[in-house]
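Q: need a structure here:
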Amino acid sequence: MGVQYDYDTSGDTTLFFLMTVLSIYVVAGTFNRVRSFGKKTAEAKATEFECSCEGCAQKREYKPMKSAWEKLRDRLPSFSDVMYGLAVLVLVYLYYRSASVHIEAVYDPYEVLGVSTSADMKEIKRKYRELSLIYHPDKNPDNPDASNKFIQLSKAYDALTDETTRENWEKYGNPDGPQAASFGIALPSWLVDKSNQKYVLLAYFVFLFAIAGAVAFWWYRSLNYVADKVLLKTLQVFRNELWRVDNTNLNKLIDVISLAEEFELDYEPKPWDAESMRTLWIDTKKADPAIKTNENMLLKLTPGRRRARIFYFAQTQRRDDDVRLDPRLIPDLNACLAVVPLLTTSMVDVLQQVDSTRKYFLEQYQAGNGRRPPEPHLLNPMLQTMRLSAILIQGAYRRMEGLRQVPHFDDKLLLQRALRKFGVRDIRGLFALTESQRQDLLSDFGPQERTDIEEFGKSYPILQLAAESYVKGEENTEGVSRRKHITAESVVTVTVTMTRRNAIQSVEEEEEEEEEDEEEEKESMLPEPEAKKAKKPAARGGKMGLKARREAEAAEAAAAAAAAAAAAAAAEKEAAEKEAAEKSKAKKGKRNDDDDDDEDEDDDAAAADADEAHLLAEPPKSKTDSATHNTHRVHCPYYGKEKFEGWWLVIGDGNNIVSPARFVSNLETETEIDFEFYVRRQGVVSYTLYVISDSYVENEYQYPIKLTVLPKEETQEIVRALDEEAVGDDETDEEDGEGDEDEEDEEEDD
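A: So this is what the prediction gives:
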């Protein structure tokens, strides 16, 4: 018996196939829309409070000028929504059609005759006679269904009475014996009909060329962009401008960022551009005479880049009332500001590439000339580039502009009063004031304005930093950790822990720590018995303050450094004694010890090479590699759209970059990030961790990192001592275990 493949002439198989495909699309689309609706609901709850400051009010009320086509496009549903709605309608129709599809059941002669499986032969014959009289073709000449029914009754009767027919039914499920296997293909018959062959081939080739054209178009566009969706020409311009930069300021950075190719591609001249841009430039120059760019330099630029440069310089003076901004320019200004985070990230990457390239050539120079030239000194330009994003987003640059980021703090007299009377220089100092001092400072504000300021304090970020330095992969077979002993010319890993608090939480925690410190001072003044009574046990859930934790960490680090120094001194003394003994043995003509020492040195070198290969195999992935925006919103009234918090981190040594810069965009409460770099110098080596906000001006931190780097020889002696100590502890534990077993055996004997 062969296998038959039949096309779906009835359309039933095609119907169920389409239902399956559309069901997958509709279920996925429904899940995505429900999830996005939940996110929008959560965002709406998170933004129930709306700041009433002048900048935020203008940002909410501002409606950009749109063309007739843009207004119509906003009213129409998106393409994905249209496709989703069509899929739902087609699926409903297919479900309606499927209800009328007849599905053949498994052949059962008992069911055809209408008798039970326990019926005897007499009952089967009686039932057959009754039904045959009803459906006989002679009595129903005009009813074809009656004839088919009579044939089924005859087959069922034979299947239950004739031995051969019954055997075929039991073996093959059909009274006629084995049948050819039939499979239906979910393609309608008209698709393979010869009369439709030309149209089917034409549709196939059109679809094929459309797919090929779409892929070619995507590939051509992707050639012009890098992975960060920045034009390749923009990166080339940044490299040319930043290659010879050793020190820079805000003017230079704005000159560089305004040369991006994106501004030229998106430029659309407006009738009012010339007059409005000239007025804006004149006001900006008056507000900040330190701007070195003049009109001749602007005229040398292309129109798109000229407009971007004027916008960026004007944005640095956005909070100045003397700078007049034509409302018709706001859409173009917002478009230029929207790409600031992307372009500043590209500039940081370019500076990192320039730094790596310079270091490579400097190493080649040192290898050829035998002396080391000066370092690239690119840390300061990188830090200034990181600060540029916050300056343009907040529209604040001058001294004391940090406080002007607080809602309603636009009055210069108010800023001067805060500085002179209360000594407030930054946002953290504002919220560090006592309640009475803050009420005195904000006495001229109404209830709504005070509420805005309090809500801003609940959203303004304050970071607490901690860092741990170690060398990965430094455990011996007994599990003794060597990671605290950092060796020269090794790869050091610094794990930075970032803890976020808002300004109000930070002040409350500091007050709690001060109270704890005062209680500790009072306890230290008490006599010893009373101090023991007053002291609470730490095991009962006492919370250690930040200052106490830092002091404990510093004490622990100092103890570890002292222990390392003592161990190094002991190892040095032991090495000197060994060297003296070897010299005396050499004088006596004993050379066997020298051969053994050479073998030990070869083993140590092989072990060091293996450890270095392990360290350089693959850098660990940081917990912040996934740049998701699951973080906090930024109060930025002069930025055209919503902004989420982001943080730049880089480790420097003087004015040199030690480790590549990292960007953290998912800091909710606490996160960790790893830095890896080589340490070549010995002794106490000091580095600085710089953490800079890309959203708030003057919100940056410097955290000192000190490493005690030991020579390789001393570290090897320390490791050997640790190994011997670990082996001795294991032997002691085994002896104690054997003694315990002997005691248990004696008790059992008793």
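
Q: From now on I want contacts and neighbour counts done on CA atoms only, so please keep to that.
A: Noted.

Q: Sticking with Thr284, tell me its helix or strand.
A: Taking DSSP states H and E as the criterion, Thr284 maps to helix 273-287.

Q: Ile651 belongs to a strand?
A: Yes: per DSSP: H, G, I helix; E, B strand; the rest coil, Ile651 lies within a strand segment.

Q: Would you agree it is in contact with Glu676?
A: No: using CA atoms under 8 Å, Ile651 is not in contact with Glu676, being 9.9 Å away.

Q: between those two, who's got more neighbours?
A: Taking other CA atoms under 10 Å, Ile651 and Glu676 do not tie; Ile651 has more neighbours (26 against 20).

Q: ok, now how distant is that one from Arg35?
A: To Arg35, Ile651 is 39 Å away according to CA to CA, to the nearest Å.

Q: Now for Leu707, how many residues are close by?
A: 19.

Q: Quickly note the distance from the closest residue to it other than its chain neighbours to Leu378.
A: Nearest residue to Leu707 in three dimensions, chain neighbours excluded: Val685, at 5.1 Å (CA to CA, 6 or more residues apart in numbering). Distance of Val685 to Leu378, given as CA to CA: 20 Å.

Q: So between these two, which is more surrounded?
A: More crowded of Val685 and Leu378, by other CA under 10 Å: Leu378, with 24 against 14.

Q: Now do the more buried one against Phe150, distance only.
A: 97 Å.

Q: returning to that earlier point: which residues does the helix or strand just after the helix holding Thr284 contact?
A: Once the chain leaves helix 273-287, the next helix or strand it forms, by DSSP H and E, is helix 295-299. Under the contact criterion CA atoms under 8 Å, 6 or more residues apart in numbering, helix 295-299 has outside partners Arg306.

Q: Next up, the contacts around the residue nearest to Leu707.
A: Contacts for Val685 (CA under 8 Å, 6+ apart) come out as 706-709.

Q: Give me the buried subset of those residues.
A: Taking 16 or more other CA atoms under 10 Å as the criterion, what is buried in those is 707-709.

Q: and those residues as CSV, adding pLDDT, secondary structure and distance to Tyr639?
A: Listed next are these as CSV, based on pLDDT from 0 to 100; DSSP: H, G, I helix; E, B strand; the rest coil; distance: CA to CA, whole Å:
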residue, pLDDT, secondary structure, distance to Tyr639
Leu707, 89, strand, 42
Thr708, 86, strand, 45
Val709, 86, strand, 46
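
Q: Same list (these) but as JSON lines, adding distance to Cys56.
A: Below are those laid out as JSON lines (distance: CA to CA, whole Å):
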{"residue": "Leu707", "distance to Cys56": "47"}
{"residue": "Thr708", "distance to Cys56": "50"}
{"residue": "Val709", "distance to Cys56": "52"}
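
Q: Run through the neighbouring helices and strands of the helix or strand hosting Ser389.
A: Under the criterion of DSSP H and E, Ser389 resides in helix 379-394. Helix 379-394 is packed against helix 250-257, helix 303-316, helix 340-369, strand 683-693, with contacts defined by 3 or more CA pairs under 8 Å, 6 or more residues apart in numbering; DSSP states H and E.

Q: so where is the stretch 501-650 of the chain shaky, pLDDT-wise?
A: Residue ranges of the stretch 501-650 of the chain with pLDDT under 70: 510-518, 520-630.

Q: rerun at 80
A: 506-630 (pLDDT under 80).

Q: Around Ser36, how many other residues sit close by?
A: Counted with other CA under 10 Å, the neighbours of Ser36 add up to 12.

Q: correction: Leu18
A: Neighbour count for Leu18, taken as other CA under 10 Å: 14.

Q: Okay, it and Tyr95: tell me how far apart.
A: Applying CA to CA to Leu18 and Tyr95 gives a distance of 10 Å.

Q: Equivalent analysis for Arg680, please.
A: The gap separating Arg680 from Tyr95 is 72 Å, by CA to CA.

Q: same deal with Pro637?
A: In this view, Pro637 and Tyr95 are 52 Å apart by CA to CA.

Q: So these two - more neighbours on which side?
A: Neighbour comparison, Pro637 and Tyr95: the larger count goes to Pro637, with 22 against 14 (by other CA under 10 Å).

Q: Quick one: residues contacting the more buried one.
A: Residues in contact with Pro637 (CA under 8 Å, 6+ apart) are 55-56, 59, 394.

Q: The residues you listed: which two are farthest apart?
A: Largest separation among these by CA to CA: Lys59 and Gln394, giving 13.0 Å.

Q: so who does the closest residue to Arg239 other than its chain neighbours touch?
A: Nearest non-adjacent residue to Arg239, counting by CA to CA, 6+ apart: Val350, 6.2 Å away. Contact partners of Val350, counting by CA under 8 Å, 6+ apart, are 235, 238-239, 242.

Q: So in this protein, which strand runs the longest?
A: Ordering each strand of the chain by length in residues (DSSP state E) puts strand 490-502 first.

Q: Mind giving me the packing neighbours of it?
A: helix 447-459, strand 461-470, strand 670-679.

Q: quick one: low-confidence ranges for the stretch 251-400 of the chain?
A: 266-269, 320-322, 358-377, 397-400.

Q: one more time with 90
A: For the stretch 251-400 of the chain, applying pLDDT under 90 flags the ranges 251-252, 262-278, 282-303, 316-332, 334-335, 352-380, 395-400.

Q: In stretch 418-438, which residues have enough neighbours to count as buried?
A: Within stretch 418-438, the residues that count as buried by 16+ other CA under 10 Å are 418-419, 422, 424-433, 438.

Q: Tell me the secondary structure at Pro269.
A: The local conformation at Pro269, judged by three-state DSSP, is coil.

Q: which residues do Ile651 and Glu676 both contact?
A: In contact with both Ile651 and Glu676: Ser659, using CA under 8 Å, 6+ apart.

Q: if we can go back for a sec, looking at the residue nearest to Leu707 now. What's its pLDDT?
A: Listed pLDDT for Val685 reads 90.
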